Each structure stands twice: as C-alpha cells, then as structure tokens.
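Peer 1: one predicted model, sequence on top.
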Amino acid sequence: MAANSFAASGGMGARPLALAFFAVFAAFLLLLGGIAFFGRPSDGDPVAQIDLSQHATRPVRAAANTRGTSASSPVIAGGTSSPTTPQSAIPATPLPPQLVPATVDKPVVAGRNLVADPALIEQTPQGPLPRIASDGRMPMNAYAPPVPASKAPRIAIVVGGLGISARQTAAAIQGLPAGVTLAFAPYEDDAARWVGEARRTGHEVLLEVPMEPYDFPDSDPGPHTLRAAVSEETNTERLVWSLTRFTGYAGITNLLGGRFLSDADSLEPVMTYVARRGLLFFDSGAQGHSVAPDVAHRINAPYVQSALALDTIQTGMEIDARLSQLEQLARANGSAAGTSEVYPVTIERIANWAKGLQGRGFVLVPASAIVAPSK
C-alpha cells in the first residue's frame, strides 16, 4: 500500500515537469519558424567586412608610407582586387621589354627619351653608377623631359612607390600625364624595365633611396637603409647600392627618412655625393623637420622641397583639396611641388585635375624644372 501510494505521488510529480519541457520545446520551434519567415531583427543593421586576402608586396611598404615619417602614415598594399576575386585569378601584368643591357656601350632611348648613356655612366661591379659626363652633361638634365615655354606658375608632382607592384606601376605610367615625375624603389629586379617604360611615355624618373625613419626598425625601409648612427663610409656604400640598380633617373628622393633627414652630419655627405654625380635631391619629408634645405644651400646642391603630401587621406575630396592648396602655393611662390603614393584614387584625381590645369593658369612640370637656383 505504501509502495502504491509512493508510485502514484511520483507519477503526479513527473507530469507537470513533462508538460513544462514540452512547452519550452514548442516555444523554441515557434521561434525558429518566426526567424525563418520574418528574418532576424539585426538583418537590416550595417555590417563591416574586412578583407584579409591582400598582402603587402614588400615589407617596406607594409611598414609605413614612403612620403611620411611615422608609422601612422598610410601604407601601400600589394593587391587591389575585390574581396571576391582570388589573387590567382587576376591576370599577370605583362612586363615591358628590357632596354638597357648589362654593359652600356652606346646611348639607349625609349621612344624619343634617353634611358642610358655610357658618357653618363661609371661601370662598377655593383652596376651602372651615374656620373657627370666629360663634356659637363649631368644626368639631372640629360634624363629630364623638355619643359613647356611658359611664364605661368609651375607645379611639380612626384608619385612614389613605383616598381613594387606591376599592376599599380603600369596604372600610374599609363594613367598619369607625362608631366608627373615617377619615383621608383630600388628593390625589384623588374624596376629597370618599368623605368624604361616610364621614360618612353615621357615621365621624368627619380630613384627612391631608403633612409632611416624616426621609428626605425618598427618602420623599416628595407636593406641598405641610410642611417644616422653609422659611418659616412657605410652610408656611401649603401647609397651606391641603390644608385646602381637602374639608369635613366634625374635624381633621388627619400624612401621614409624622417630621422636621417633631420641629422645634418649624416645627410651632408650623402647630398654632396649625389650632387657630384650630377643628380638632384628631391626632399619629400615634412617641412620644418628636415635640415635638407639648409644643407643643400650650404653645399650648393640641386634641391627641390615638397610643399605637401597629397594623399595622406585617401579620398577624392581630400586629394582635390590638397591639389587646390598646391595651386595656391604655386601662385604665391611661382612654383610648388607635391608628393603622393601610387594609390588608384590618387592616380584618378591627379589625372582629372591636370586636364584643366592650363586653363587655370598653371603648367605641370617635372621636378627638375623647379630645382632651387644656385647661390
């Protein structure tokens, strides 16, 4: 009797528990059905997606922007494909022909423009080193495009970062007007091919020489970086390595270099060496931090100072505003130079801006056309 009573009471207690479990399960099924029919409440909210498929082609570009002096500057990524396009599906950009032989024994031209001249080259074990010809011709002049005869204010723009990504390099050479100067990094084996193509289309070329930034080694311009803490002999050896990568350039510009450009004792021997080779020095560093203007004036070196960077903020509106500012500086001073990187938006905005430049009373010139006059 006691056993029957216990069983009856246990059965009565289990029934409410079973009913509760069934109710919860039924509510869960209703919830799933509601989501399937009406959608989630958050489906209309904005969603951010990050593409992790792209990667920097060279460590130097992943570390920091060549035009700036800190790691907060914009960087260049190796790819520009959409997130849905695998890198392997992008057709390879065809390389231009190799115009300059290992040993230059006669002038080499691309189209109508000089790329190499044995009179302007000292053959070294590292490669062709620029020099002033016995007749006094300098690479700065021999490799410079002709300048329009005009008294209008002159504007020079140097676009850096070429020679690293074939796709971006080709886009810059083809998309930018010939008056824009193109700066090539020394690290890629195909850089000489692209320099030849740039000269063929009428662009002036500069060589980017890696120089020590303030936050080195967090931002690392790569091997053969000129540094403030090493000897003059070591920096000269590293400089010569860069100078012998290819021919056809009118001068050099800094790849990073905020720290190095602020040290007069380290910079002066480099600027002296460059000037004695008949090359100009284009300073893309931030004004007020670089001692290059004072050093150039003291040693009477061919020198150009960038007035501002055009694409530290990579939007069409900001780039257009900087280009307008560059016009104001050129009108006030007679000339002005700006710098940028080889971003697609930058190429597009510069090309669009240049179309109406003459109508606004300006002329686009290579960097060599606004070299500071000798004292």
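Peer 2: Looks like it arrived, so ask away.
Peer 1: quick one: low-confidence parts of the stretch 151-300 of the chain?
Peer 2: Across the stretch 151-300 of the chain, the ranges flagged by pLDDT under 70 are 286-287.
Peer 1: show me where it has helices.
Peer 2: Under the criterion DSSP state H, counting those that start in this stretch, helices of the stretch 151-300 of the chain are mapped to 166-175, 191-200, 232-243, 258-261, 264-276, 292-299.
Peer 1: out of those helices, nearest to D218?
Peer 2: Nearest of these to D218, taken as CB to CB: helix 258-261 at 11.8 Å. Yep, even glycine has a C-beta here, placed from its N, CA and C like the rest.
Peer 1: which strands or helices does that closest one pack on?
Peer 2: Secondary-structure packing of helix 258-261 (3 or more CB pairs under 8 Å, 6 or more residues apart in numbering; DSSP states H and E): strand 205-211, helix 264-276.
Peer 1: could you dump that helix to CSV, C-alpha only?
Peer 2: Only the C-alpha atoms of helix 258-261 are listed here, as CSV (Å, rounded to 0.1, in the frame of the first residue of the first chain):
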residue,chain,number,x,y,z
GLY,A,258,62.5,61.4,-41.2
ARG,A,259,65.3,60.6,-38.8
PHE,A,260,68.0,60.7,-41.4
LEU,A,261,66.8,64.0,-42.9
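Peer 1: what's it in contact with?
Peer 2: For helix 258-261, the external contacting residues (CB atoms under 8 Å, 6 or more residues apart in numbering) are 68-70, 211-214, 216, 226-228, 254, 266-267, 283, 285-286, 289-292.
Peer 1: quick one on the thing from earlier: any chance of the helices of the stretch 151-300 of the chain in TSV, with mean neighbour count and distance to E348 too?
Peer 2: Converted to TSV, these look like this (neighbours: other CB atoms under 10 Å; distance: least, CB to CB, whole Å):
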stretch	mean neighbour count	distance to E348
helix 166-175	20	7
helix 191-200	24	18
helix 232-243	17	30
helix 258-261	25	28
helix 264-276	19	33
helix 292-299	18	31
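Peer 1: report pLDDT for P91.
Peer 2: Listed pLDDT for P91 reads 77.
Peer 1: what's the burial count for it?
Peer 2: When neighbours are counted by other CB atoms under 10 Å, P91 registers 6.
Peer 1: check contacts around it.
Peer 2: For P91, the contact set (CB under 8 Å, 6+ apart) is empty.
Peer 1: hmm, 10 Å instead?
Peer 2: Applying CB atoms under 10 Å, 6 or more residues apart in numbering to P91 gives the contacts R167.
Peer 1: my read is that E208 contacts G161, right?
Peer 2: Yes. When contacts are counted by CB atoms under 10 Å, E208 is listed as touching G161 (7.9 Å).
Peer 1: just the element for L329, please.
Peer 2: Assigned by DSSP states H and E, L329 falls within helix 316-333.
Peer 1: next, the angle from the lengthiest strand in the chain to helix 166-175.
Peer 2: Longest strand in the chain, counting residues (DSSP state E): strand 154-162. Interaxial angle, strand 154-162 versus helix 166-175 (axes from the mean of the first three to the mean of the last three CA atoms, to 10 degrees): 160 degrees.
Peer 1: tally of neighbours for T93?
Peer 2: The number of residues packed near T93 is 13, by other CB under 10 Å.
Peer 1: show me where pLDDT drops low in the stretch 1-150 of the chain?
Peer 2: Low-confidence segments of the stretch 1-150 of the chain (pLDDT under 70): 1-90.
Peer 1: 90 - rerun?
Peer 2: By pLDDT under 90, the low-scoring segments of the stretch 1-150 of the chain are 1-92, 148-149.
Peer 1: how about the helices and strands packed on helix 258-261, which one is nearest E232?
Peer 2: Short answer: helix 264-276, nearest of these by CB to CB, at 4.7 Å.
Peer 1: which ones are touching V109?
Peer 2: Shown in contact with V109 (CB under 10 Å, 6+ apart): L99, V115, A116, D117, G196, R199, R200.
Peer 1: please repeat the previous calculation with a cut-off of 8 Å.
Peer 2: Residues in contact with V109 (CB under 8 Å, 6+ apart) are V115.
Peer 1: who does the helix or strand hosting it pair up with?
Peer 2: Per DSSP H and E, V109 falls inside strand 108-110. Here strand 108-110 has these sheet partners by DSSP bridges: strand 113-116 (antiparallel).
Peer 1: can you give me the strands in this protein?
Peer 2: 108-110, 113-116, 121-123, 128-130, 154-162, 181-184, 205-211, 251-256, 280-283, 303-305, 308-309, 335-341, 363-364.
Peer 1: out of these, which gets nearest to I347?
Peer 2: strand 154-162 (7.6 Å).
Peer 1: which helices and strands does the closest one pack with?
Peer 2: helix 166-175, strand 181-184, strand 205-211, strand 251-256, helix 316-333, strand 335-341, helix 344-355, strand 363-364.
Peer 1: got a list of what Q305 touches?
Peer 2: Contact analysis of Q305 by CB under 8 Å, 6+ apart lists D283, Q287, S290, A292, P293, A337, A372.
Peer 1: which one of the residues you listed is nearest P148?
Peer 2: Minimum distance to P148 across the contacts of Q305 is 16.6 Å, recorded for A337 (CB to CB).
Peer 1: can you tell me which residues contact G248?
Peer 2: By CB under 8 Å, 6+ apart, the neighbours of G248 are V100, A110, L114, V115, A116, Y143, V195, G196, R199, V205.
Peer 1: buried ones among those?
Peer 2: V100, A110, L114, V115, A116, Y143, V195, G196, R199, V205 (16 or more other CB atoms under 10 Å).
Peer 1: the second one pairs with what?
Peer 2: This means A110. The partner residues for A110, given DSSP bridges, come to N113.
Peer 1: show me the contacts for it.
Peer 2: The contact partners of A110, taken as CB under 8 Å, 6+ apart, are L99, G196, E197, R199, R200, G248.
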